[in-house]
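Novice: sequence plus the predicted model coming up.
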Amino acid sequence: GAGVSQSPSNKVTEKGKDVELRCDPISGHTALYWYRQRLGQGLEFLIYFQGNSAPDKSGLPSDRFSAERTGESVSTLTIQRTQQEDSAVYLCASSLVGRRGETQYFGPGTRLLVL
Amino acid sequence: EDQVTQSPEALRLQEGESSSLNCSYTVSGLRGLFWYRQDPGKGPEFLFTLYSAGEEKEKERLKATLTKKESFLHITAPKPEDSATYLCAVQGRNYGGSQGNLIFGKGTKLSVKP
């Protein structure tokens, strides 16, 4: 596709439920990143994929968060047993090969609200 | 620890009133400084990448500059459609061994009134 796409655009869930967020990177981009943006805060890094392996999971806030990527395409971020503090915008970005200094292009985000 | 601080948090300008946004950073071995624009309800839109002190880039009414400690985003004769939050991010040489996650500031919210 022309850009990074994410689905759903918005998700409202009840505390304790599991949610899955999806990201389709720009075609041909091997590097994929997930970030979280809380209200009034800067974007915080969650996880980085190079192809379908995740060499850096250092930003995942707890073991309730996990992510996977199939091939060099779609990635899903799963949050189990959601908590109210998980409410945020989850942004996905991709870049060509993941080289330092390379531009990351962002999707529109998924707005998650945990009631 | 790599860090980015943006100022001011919010800026209100009249149409045509030029100004600058500041991004101060500390990073181990800068590999890139990035400026993004974010409109409400949307993802960040890439504007510029700067790699070394003294570098400048321009796009329409925007000009980004870089020194060893900070970057400025200069807005010349802004229009209401320039209203958005402007985000600054850096990428260092060896952040936690990662290949390339960005460290973001909290952004400057710009409002341009007609």
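Specialist: Now that the structure is in, tell me what you want to look at.
Novice: show me where chain B has its strands.
Specialist: For chain B, the strands defined by DSSP state E occupy B:3-7, B:10-14, B:19-26, B:32-38, B:45-50, B:56-59, B:62-66, B:70-75, B:84-91, B:103-104, B:108-113.
Novice: next, the buried residues of the third one.
Specialist: Which is strand B:19-26. By 16 or more other C-beta atoms under 10 Å in any protein chain shown, the buried positions in strand B:19-26 come out as B:Leu21, B:Cys23, B:Tyr25. Glycine gets a C-beta too; all of them are placed from N, C-alpha and C.
Novice: in the helix or strand of chain A with the lowest mean pLDDT, what counts as buried?
Specialist: Lowest mean confidence among the helices and strands of chain A (mean pLDDT, DSSP states H and E): strand A:53-56, at a mean of 84. Buried residues in strand A:53-56, defined by neighbour count with 16+ other C-beta under 10 Å: A:Ala54, A:Asp56.
Novice: so what strands line up beside that strand?
Specialist: strand A:43-50 (antiparallel) (DSSP bridges).
Novice: list the buried residues in the strand it pairs with.
Specialist: For strand A:43-50, using 16+ other C-beta under 10 Å, the buried residues are A:Leu43, A:Glu44, A:Phe45, A:Leu46, A:Ile47, A:Tyr48, A:Phe49, A:Gln50.
Novice: okay if I get the residues you listed as TSV plus pLDDT?
Specialist: Output for the buried residues of strand A:43-50, formatted as TSV (pLDDT from 0 to 100):
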residue	pLDDT
A:Leu43	95
A:Glu44	94
A:Phe45	93
A:Leu46	94
A:Ile47	93
A:Tyr48	91
A:Phe49	91
A:Gln50	89
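Novice: closest to A:Val97 among the residues you listed?
Specialist: Taking C-beta to C-beta as the measure, A:Gln50 is the one of the buried residues of strand A:43-50 closest to A:Val97, at 8.3 Å.
Novice: state the pLDDT value of the nearest residue to the closest one once chain neighbours are set aside.
Specialist: Spatial nearest neighbour of A:Gln50, chain neighbours left out: A:Gly98 (5.2 Å); criterion: C-beta to C-beta, 6 or more residues apart in numbering or on different chains. Model confidence at A:Gly98, given as pLDDT, is 81.
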